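Q: My questions concern the predicted model and sequence given below.
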Amino acid sequence: AQEAGGPLPVLGRDVRVPLVTGGEVTYAALDYAASAPALQRVWDDVAAYAPYYGSVHRGAGHLSQLSTELFERSRRTVAEFLGCREGDQVVFTRATTDSLNLLSAALPQGTRVFVFETEHHASLLPWRTHDVTYLDAPRSPEAAVATLEAALHGAPAGPKLVCVTGASNVTGEVWPVRELARAAHRHGARLVLDAAQLAPHRPVSLADLEADWVALSGHKLYAPFGAGVLAGRADWLVRAEPYLAGGGASRRVARGADGGVDVEWHTTAARHEAGSPNVIGAYALASACRALTEAGFDGLVAREEELLARLRAGLAGVPEVRVLSLFGEGADQVGVVSFVVEGWNSSHFAAALSAEYGIGVRDGLFCAHPLLRTLLGQQSDAPGECGAPETAPDSQPSPGEAPALNAVRVSFGAGTPDEHVD
Ligand code: PMP
């Protein structure tokens, strides 16, 4: 059980790791933005169900019926967690990347997509098969809204989609989602919210945020890997060709008069969920939604802000550290902080934190290369692995030299024990 105002119990919080300097310490996992550890409660729920699971929607047997019921109940739990409105659909996917690619595949012909260059690659790249307007990095939430308004103002008629991240996976800064959704709607556009980083930290409600769709990943929301969600308006989804063609998505298949095969697709979420679905993943994701709702975001946000203040104060005391920020001082931020350390290659810095202190952080470009270039004030055409530095791994900048094109990221959340942040 959770202590009032304390961290949610997660798996692996007591893992001991050896240090290069000898001895061992309790591992401090501070890479929640990549994947958060599963909640103990989610693990227990899955363990209780695991002996009984069966394939959904197909079998007449008891376990298949039970699994179907739990799968559909999980869909309703997620719908509630995400503030879905009447008529919205919840499609289970593999994760956020999958959800946004699904939506991209479902866009009506001729849709123009508007996306800020600051997005994670998962929300920046899936739209490339459409006409895309890339928007320059705004330096404040107000500038984000103004930039979008200006772009939409001059846009030709036709279907339009805006894709925006709710909280940056690099700076942790929270984007003005409702204002952007309102701006989109004023110009006849729709908005999809990438809530991969927002949902683990703040309530995300389609109804409250006035967004048309939301995408998220279970593995960042304290469930294990394997399940994600695209939730929102049904109209474009039910008119589109299924994202995956196959069993489960089709209601009726028959040889046609022309000798081919005629298919009648489902008009429910099943349309885009062909194949045997990840029923345990969906169940785990719903369990995490329930746990977060029951813990209450008010308490989780208050505690996280306290941890964030401590971390920022600690970093402010190290003159060599420069914290990366797009919106500047005072921006609303979740528990994600990236920084560079003067005189250090970030990869070395992160490796040293792990080897010498047992602290697990992330270094690199965080699958947001254009944003990192803006934040570090560097232009580079060098190819970079997603998440890996573009510089030679053993290069250390000399004093006064611009830092290598990579940064260190510390991220935490509802499951992080307080002492890990000190
Ligand atoms: N969007 C954002 C903002 C993210 O941080 C991530 C993961 N780092 C993704 C999308 C992609 O999520 P996934 O890898 O679970 O598909």
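A: Arrived safely, thanks for sending. What you see is a predicted model; the values in this text were computed from it and never measured.

Q: Give me every residue in the stretch 201-350 of the chain lying close to the ligand.
A: Counting by CB under 6 Å from any ligand atom, the residues of the stretch 201-350 of the chain close to the ligand are 217, 219. Backbone N, C-alpha and C define where each C-beta goes, glycine included.

Q: any idea which element residue 290 lies in?
A: helix 279-295 (DSSP states H and E).

Q: So which bits of the next helix-or-strand element following that helix are buried?
A: Going down the chain from helix 279-295, the next helix or strand is helix 297-316, by DSSP H and E. If you call a residue buried by 16 or more other CB atoms under 10 Å, then helix 297-316 has these buried ones: 300-301, 303-304, 307-308, 311.

Q: try stretch 174-187
A: Neighbour counts over stretch 174-187 (16+ other CB under 10 Å) mark 174-177, 179-181, 183-185, 187 as buried.

Q: just curious, which of those is nearest to the ligand?
A: Each of the buried residues of stretch 174-187 was checked against the ligand using CB to the nearest ligand atom; the closest is residue 175, at 10.3 Å.

Q: What distance do you get for that closest one to residue 192?
A: To residue 192, residue 175 is 13 Å away according to CB to CB, to the nearest Å.

Q: Name the residues that touch the one helix or strand residue 161 maps to?
A: Per DSSP H and E, residue 161 falls inside strand 160-165. Applying CB atoms under 8 Å, 6 or more residues apart in numbering, the contact partners of strand 160-165 are 100, 103, 107, 111-116, 118-120, 123, 127, 148, 152, 175, 177, 180-181, 184, 187-194, 196-198.

Q: Let's see it as CSV, backbone CA atoms only.
A: What follows is strand 160-165 as a C-alpha-only set of coordinates in CSV (Å, rounded to 0.1, in the frame of the first residue of the first chain):
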residue,chain,number,x,y,z
LYS,A,160,-5.8,19.3,-41.1
LEU,A,161,-4.2,17.7,-38.2
VAL,A,162,-1.9,19.2,-35.5
CYS,A,163,0.3,16.8,-33.6
VAL,A,164,1.8,18.0,-30.3
THR,A,165,3.5,16.5,-27.3
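
Q: partners of residue 167 in the sheet?
A: As for beta bridges, residue 167 partners with residue 174 under DSSP bridges.

Q: ok, it to residue 123 distance?
A: 12 Å.

Q: next one: residue 340
A: For residue 340, the distance to residue 123 equals 24 Å [CB to CB].

Q: Residue 55 reaches residue 275, doesn't it?
A: No. Judged on CB atoms under 8 Å, residue 55 makes no contact with residue 275 at a distance of 10.6 Å.

Q: Who has more neighbours out of those two?
A: residue 55 (16 against 11; other CB atoms under 10 Å).

Q: What's the separation between the more buried one and the ligand?
A: To the ligand, residue 55 is 25 Å away according to CB to the nearest ligand atom, to the nearest Å.

Q: Secondary structure element for that residue, which one?
A: Residue-wise, residue 55 maps onto no helix or strand under DSSP H and E.

Q: Run through the residues that contact it.
A: Residue 55 makes contacts with 64, 67, 276, 279, as judged by CB under 8 Å, 6+ apart.

Q: of those, closest to the ligand?
A: residue 279 (18.9 Å).

Q: burial count for the closest one?
A: Per other CB under 10 Å, the neighbour tally for residue 279 reads 21.

Q: tell me the SS of the closest residue to it other than its chain neighbours?
A: Excluding the flanking residues, the one nearest residue 279 by CB to CB, 6 or more residues apart in numbering is residue 71, at 4.8 Å. With DSSP: H, G, I helix; E, B strand; the rest coil as the basis, the three-state label of residue 71 is helix.

Q: do the same with the one 4 residues further on
A: Under the three-state scheme (three-state DSSP), residue 75 adopts helix.

Q: what residues are up against it?
A: 90, 92, 269, 282, 286.

Q: 7 Å instead, please
A: Neighbouring residues of residue 75 by CB atoms under 7 Å, 6 or more residues apart in numbering: 90, 269.

Q: Would you mind giving me the confidence score for the residue nearest to the spatial centre of the chain?
A: Central residue of the chain (CA atoms, centre = their mean): residue 196, 1.5 Å from the mean position. Looking at residue 196, its pLDDT is 98.

Q: before we move on, the earlier item: out of the contacts of strand 160-165, which are inside strands?
A: Among the contacts of strand 160-165, the subset assigned to strands under DSSP state E consists of 112-116, 190-194.

Q: ok, so what distance separates the residue of the chain most remote from its centre from the ligand?
A: Within the chain, residue 257 marks the point farthest from the mean C-alpha position, 46.0 Å out by CA atoms, centre = their mean. Separation of residue 257 from the ligand (CB to the nearest ligand atom): 43 Å.
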